[in-house]
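K.L.:
Take this sequence and fold it.
(chains A, B, C, D, E and F)
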There are 6 protein chains.
Amino acid sequence: MSTWLPTLITSTPEEGYALAIILARMAVKLTQPDPEIRDRLRPEYSEDAEALISVSQVVATHFATVAAANGYWKDVS
Amino acid sequence: MSTWLPTLITSTPEEGYALAIILARMAVKLTQPDPEIRDRLRPEYSEDAEALISVSQVVATHFATVAAANGYWKDVS
Amino acid sequence: MSTWLPTLITSTPEEGYALAIILARMAVKLTQPDPEIRDRLRPEYSEDAEALISVSQVVATHFATVAAANGYWKDVS
Amino acid sequence: MSTWLPTLITSTPEEGYALAIILARMAVKLTQPDPEIRDRLRPEYSEDAEALISVSQVVATHFATVAAANGYWKDVS
Amino acid sequence: MSTWLPTLITSTPEEGYALAIILARMAVKLTQPDPEIRDRLRPEYSEDAEALISVSQVVATHFATVAAANGYWKDVS
Amino acid sequence: MSTWLPTLITSTPEEGYALAIILARMAVKLTQPDPEIRDRLRPEYSEDAEALISVSQVVATHFATVAAANGYWKDVS
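P.N.:
As a prediction, this is how the structure comes out:
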């Protein structure tokens, strides 16, 4: 059985950040499952300054969780 | 007696994310108990980019709580 | 002397969620003590999608605090 | 020398909540030091549903800090 | 070499709160380095209720960080 | 292989703050990869008070993460 979120553990901070973006997008997908409506909404937020900042805020919240899960990657350098 | 929230512990990160979505929706239900009004409001946020991002923010906050409760599922892989 | 917030400790996650809702509402009561004005404002947020999501965000923040206070109810199941 | 914030430690959760409200208001005072302008703005947020929810969010964030500082008042009951 | 942020450690909660305000303002300065534009924007937020509350939210987030850094000043009283 | 985020560890709080700003901007870049559109949006937020405060909020959230990762730089002074 495949899953979209098998683990919060990543090798590097950068992969952790990529995971935070996936986590942010997944809530949108689950709240609005229709891909056509999502496609229609995309320009609304990807070309709007305030919306882009709001996306950035959601990513920041998830990144905090992923970073904590990974012990802040203190052994990576 | 059945409850909607028996525990914060889940087997996997993905189930934890699903729980975060339930936690986000429950506040809406308890603040607006009338299902007809909620149905009327649904298109307002499910077809609006900013509102979807805001929902995503609430889910992120709950996911942080659920992830901490589960020790970030470090033993899952 | 009775108090509205004797403790953050609850028996179950669900009671903890109910407490988070009380904590969210109390700030509104203390900022706007006039019950008539609050009654007038109620439809503004209980029938508005964005406002309901914002309420949900406040509840999520308080729930994080209550959950941490209760050690995430790990012994409950 | 008197101070407005001698400590984050309070005897009870309720006093901690009151402190969270003080912490929220202080940022407004320090950003807008003119009491006349603040008085003029008061109706704008105390009679507006969205603004009251936003105030509630700030209080929630400070309450999390105060609660952590007090070990969640686990010995109080 | 002088720096604007040599340390997060402060003697008292009140100094910690002052530091949180500096931390909040610095992001604005670094995003909009032109002091003339910032001066032009100042009335927009210092005389607007919603903007003042938003500033207060940013300060609350930084205060949480500074308070944690200082072990919540538990030894101060 | 070069990366934009090799580590969350910085020498000083100030470098940590600079990293928080990079983390905030990266979500915008990854959500809107077209540099021309981003350039067009820049004045929208860098000359708008509310948007600048929102940027400041994202930075605050990332700074909390970076500060925790660095043990709040307690050994720096």
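K.L.:
Where is the longest helix in chain A?
P.N.:
Counting residues, the longest helix found in chain A (DSSP state H) is helix A:49-69.
K.L.:
Restrict that one to CA atoms and write it as PDB.
P.N.:
The C-alpha trace of helix A:49-69 is given here as PDB (Å, rounded to 0.1, in the frame of the first residue of the first chain):
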ATOM      1  CA  ALA A  49       1.500  38.700  -3.400                       C
ATOM      2  CA  GLU A  50      -0.600  38.300  -0.200                       C
ATOM      3  CA  ALA A  51      -1.600  34.700  -1.100                       C
ATOM      4  CA  LEU A  52       2.000  33.800  -1.800                       C
ATOM      5  CA  ILE A  53       2.900  35.100   1.600                       C
ATOM      6  CA  SER A  54       0.100  33.100   3.200                       C
ATOM      7  CA  VAL A  55       1.400  29.900   1.500                       C
ATOM      8  CA  SER A  56       4.800  30.700   2.800                       C
ATOM      9  CA  GLN A  57       3.300  30.900   6.300                       C
ATOM     10  CA  VAL A  58       1.800  27.500   6.100                       C
ATOM     11  CA  VAL A  59       5.100  26.100   4.800                       C
ATOM     12  CA  ALA A  60       6.900  27.700   7.800                       C
ATOM     13  CA  THR A  61       4.500  26.000  10.200                       C
ATOM     14  CA  HIS A  62       5.000  22.600   8.700                       C
ATOM     15  CA  PHE A  63       8.800  23.100   8.400                       C
ATOM     16  CA  ALA A  64       8.900  23.700  12.200                       C
ATOM     17  CA  THR A  65       7.300  20.300  12.700                       C
ATOM     18  CA  VAL A  66       9.500  18.500  10.200                       C
ATOM     19  CA  ALA A  67      12.600  20.200  11.600                       C
ATOM     20  CA  ALA A  68      11.700  19.100  15.200                       C
ATOM     21  CA  ALA A  69      11.000  15.600  13.900                       C
END
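K.L.:
And it, what does it pack against?
P.N.:
Where contact means 3 or more CB pairs under 8 Å, 6 or more residues apart in numbering or on different chains; DSSP states H and E, helix A:49-69 is packed against helix A:13-31, helix A:35-46, helix B:49-69, helix F:13-31, helix F:35-46, helix F:49-69. For the C-beta atoms, the positions are set from N, CA and C on the backbone; glycine is no exception.
K.L.:
which residue is nearest the centroid of chain A?
P.N.:
Ranked by distance to the mean C-alpha position of chain A (CA atoms, centre = their mean), the top residue is A:I21 at 1.9 Å.
K.L.:
Give me the nearest residue to it, chain neighbours excluded.
P.N.:
A:V59 (5.6 Å; CB to CB, 6 or more residues apart in numbering or on different chains).
K.L.:
That neighbour touches A:A18, doesn't it?
P.N.:
No: with contact defined as CB atoms under 8 Å, A:V59 does not reach A:A18; the gap is 10.0 Å.
K.L.:
which of those two has more neighbours?
P.N.:
Neighbour totals were compared for A:V59 and A:A18, and A:V59 leads with 29 against 16 (other CB atoms under 10 Å in any protein chain shown).
K.L.:
and the more buried one, how far is that from A:D39?
P.N.:
Distance of A:V59 to A:D39, given as CB to CB, to the nearest Å: 21 Å.
K.L.:
element containing A:W4, please.
P.N.:
For A:W4, there is no helix or strand it lies in under DSSP states H and E.
K.L.:
pLDDT wise, what is it at?
P.N.:
pLDDT recorded at A:W4 is 93.
K.L.:
Which residues are in contact with it?
P.N.:
Counting by CB atoms under 8 Å, 6 or more residues apart in numbering or on different chains, A:W4 touches A:22, A:26, B:14.
K.L.:
Closest to E:T7 out of those residues?
P.N.:
A:I22 (35.6 Å; CB to CB).
K.L.:
thinking again about what came up before, put together JSON lines for the helices and strands packed on helix A:49-69, with distance to D:Q32 and mean pLDDT on each row.
P.N.:
Shown next, in JSON lines, are the helices and strands packed on helix A:49-69 (distance: least, CB to CB, whole Å; pLDDT from 0 to 100):
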{"stretch": "helix A:13-31", "distance to D:Q32": "33", "mean pLDDT": "96"}
{"stretch": "helix A:35-46", "distance to D:Q32": "31", "mean pLDDT": "91"}
{"stretch": "helix B:49-69", "distance to D:Q32": "27", "mean pLDDT": "97"}
{"stretch": "helix F:13-31", "distance to D:Q32": "25", "mean pLDDT": "96"}
{"stretch": "helix F:35-46", "distance to D:Q32": "22", "mean pLDDT": "91"}
{"stretch": "helix F:49-69", "distance to D:Q32": "13", "mean pLDDT": "97"}
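K.L.:
what number of residues lie near A:K74?
P.N.:
The number of residues packed near A:K74 is 13, by other CB under 10 Å.
K.L.:
what's the answer for A:L5, then?
P.N.:
17.
K.L.:
can you pull the contacts of it?
P.N.:
Neighbours of A:L5 in contact, by CB under 8 Å, 6+ apart: A:22-23, A:26, B:12-14, B:17.
K.L.:
Most neighbours of all those, which one?
P.N.:
Of the contacts of A:L5, with other CB under 10 Å as the count, A:L23 tops at 27 neighbours.
K.L.:
so what's the residue nearest to the centre of chain A up against?
P.N.:
A:59, A:62, F:27, F:30-31.
K.L.:
one more time with 7 Å
P.N.:
A:I21 makes contact with A:59, F:27, F:30 under the criterion CB atoms under 7 Å, 6 or more residues apart in numbering or on different chains.
K.L.:
same deal with A:T65?
P.N.:
So A:T65 contacts B:63-64, B:67 (CB under 7 Å, 6+ apart).
K.L.:
and which of those residues is nearest to chain C?
P.N.:
The nearest member of the contacts of A:T65 to chain C, counting by CB to the nearest CB, is B:A64 at 6.7 Å.
K.L.:
Just give me the neighbour total for the closest one.
P.N.:
20.
K.L.:
Without its sequence neighbours, what residue ends up closest to it?
P.N.:
A:T65 (4.6 Å).
K.L.:
From B:A20, how far out is that neighbour?
P.N.:
10 Å.
K.L.:
what sits in contact with each of these two?
P.N.:
With CB under 7 Å, 6+ apart as the test, A:T65 and B:A20 both reach B:F63.
K.L.:
contacting residues for the closest residue in space to A:T3 that isn't next to it in sequence?
P.N.:
Leaving out its chain neighbours, the residue that sits closest to A:T3 by CB to CB, 6+ apart is B:E14, at 5.0 Å. Applying CB under 7 Å, 6+ apart, we find B:E14 in contact with A:3-5.
K.L.:
ok, now A:A49?
P.N.:
Counted by CB under 7 Å, 6+ apart, A:A49 has contacts F:41, F:44-45, F:51.
K.L.:
In PyMOL, how would I select the buried members of those?
P.N.:
Typed into PyMOL, the line below selects the buried ones among the contacts of A:A49, using 16 or more other CB atoms under 10 Å in any protein chain shown:
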select buried, chain F and resi 41+45+51
